[in-house]
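[1] need a 3D model of the following:
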Amino acid sequence: MSKIPSTPSTQRPPTTREIADEAGVSHVTVSKALRGDSKISAATTSRVVAIARKMGYRANPLLSAYMTAMRTRRSHPVTSALAWINGFNSAQIWHRLPYLKAYLDGARKRAFELGYNLDEFWLADPDLSDSRLSSILRARNIHGAIIPDAQDVTRHPSLDWERLTFCSFLNQQPGTLVRHVRFDARLAIYTALERIRALGFRRIGFAVSHLSPKPVSLLYEVCNTQIGLMPAKERVPLLLMDLGMEHFETRFQQWALKHRPEVVICNSLHAVDFLKSAGLSVPGDIGVVHLALGPDVAGWAGVDGAGEKIGAAAVEIVAAQINRNERGIPELPRTTFIAGEWQDGWTLTRPTNP
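    Sure, this is the predicted structure:
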């Protein structure tokens, strides 16, 4: 039987003092650099990390977790910052629209818990070019950013992405090399169907809106698949509309009156008003279930849109990457899915004649 060769993991890793001697800095500087402390310059951090790797250094995950817990238990002022880079046409949209504000609130709260401020920047600001923003981020020693719209990375190629670690949660497209957090729409549909059927409803219709006029979204695929699995007599044709479509309200009302679903699964905050305008009572004539509940549809039945959770998760991903000294556009971008939770609401009640 051949002898199994030893691996680097069996050798004693260097201590921070040994790395400090090699790098010509203090062991405190080494410790801070290895955990991505923003007080250490990017140049020093890069040099220390390179030397540590060459010497075979490996972080002790148990010790790191313990030290992180000890640091976060202390009451200390926020000394570092992450960037919130808004690529929308409005500078205040994340504050003005309640469902978007949930993402920002979740990100800001989690950032503070991890010891960061969250500095907002607006890409459409006429006084803020990509080069100026890069300079500001460098001057403020900001190494991490939340970029809500993933496409802003490709729209602004001259921004210095290589020195940043960043994460998005909207508008991810194939080929976009950005770490991403997204709402688990597939699971939301499964959860909604399970709850609706448990109440005794069978004719369930999907009326979903999409940002693109082409029916290529995940919602389209999942909804169509679920309709195909239903018995023929229970099927209701899918209503898919892009948000820019004219006569949106009329199309929705005509579909509901023609096919008479018992329950509508939707992602529109206007669904109840549209149905009432068509002479249909909610939930008496038709139940309504929302796929991503937020402040705009508070009290409805449906699946929580998890806006605050998604914002918080994006911050956690960026903070973790900073601690690992990971910068720039990733070679292998990863997507983290966040599940919403079912919430009972007044728009859906048990049928009187199941």
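[2] where along the stretch 151-300 of the chain do the strands fall?
    For the stretch 151-300 of the chain, the strands defined by DSSP state E, counting those that start in this stretch occupy 165-168, 179-183, 204-210, 239-242, 263-266, 287-293.
[3] turn the ones you listed into JSON lines, including mean pLDDT and mean neighbour count.
    Any C-beta I mention is one placed from the backbone N, CA and C, and that applies to glycine too. Listed next are these as JSON lines, based on pLDDT from 0 to 100; neighbours: other C-beta atoms under 10 Å:
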{"stretch": "strand 165-168", "mean pLDDT": "90", "mean neighbour count": "26"}
{"stretch": "strand 179-183", "mean pLDDT": "90", "mean neighbour count": "22"}
{"stretch": "strand 204-210", "mean pLDDT": "86", "mean neighbour count": "22"}
{"stretch": "strand 239-242", "mean pLDDT": "78", "mean neighbour count": "18"}
{"stretch": "strand 263-266", "mean pLDDT": "95", "mean neighbour count": "27"}
{"stretch": "strand 287-293", "mean pLDDT": "95", "mean neighbour count": "25"}
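[4] low-confidence ranges in the chain?
    Scanning the chain for pLDDT under 70 picks out the ranges 1-11, 36, 38, 59-79, 172-177, 210-217, 242-246, 352-354.
[5] show me where it has helices.
    Here the chain has its helices, by DSSP state H, at 16-23, 27-34, 42-54, 61-73, 93-96, 98-113, 130-139, 152-155, 185-198, 218-229, 248-259, 271-277, 307-323.
[6] nearest to residue 289, out of those?
    For the helices of the chain, the distance to residue 289 is smallest for helix 185-198, at 5.1 Å, taking C-beta to C-beta.
[7] for the closest one, which positions count as buried?
    The neighbour-count check on helix 185-198 (16 or more other C-beta atoms under 10 Å) flags 185, 188-189, 191-193, 195-196 as buried.
[8] for the strands of the stretch 151-300 of the chain, could you give me CSV that also reports distance to residue 140?
    As requested, those are exported to CSV (distance: least, C-beta to C-beta, whole Å):
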stretch, distance to residue 140
strand 165-168, 15
strand 179-183, 22
strand 204-210, 38
strand 239-242, 39
strand 263-266, 42
strand 287-293, 34
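[9] so which of those comes closest to residue 49?
    Taking C-beta to C-beta, strand 165-168 is the member of these nearest to residue 49, at 13.7 Å.
[10] other SSEs contacting the closest one?
    Other helices and strands packing on strand 165-168, by 3 or more C-beta pairs under 8 Å, 6 or more residues apart in numbering; DSSP states H and E, are strand 144-146, helix 152-155, strand 179-183, helix 307-323.
[11] looking at the ones you listed, which is nearest to residue 250?
    Closest of these to residue 250 is strand 179-183, at 28.6 Å (criterion: C-beta to C-beta).
[12] list the contacts of the closest residue to residue 119 other than its chain neighbours.
    Using C-beta to C-beta, 6 or more residues apart in numbering and skipping the chain neighbours, the partner closest in space to residue 119 is residue 81 (4.9 Å). Neighbouring residues of residue 81 by C-beta atoms under 8 Å, 6 or more residues apart in numbering: 116-119, 140-142.
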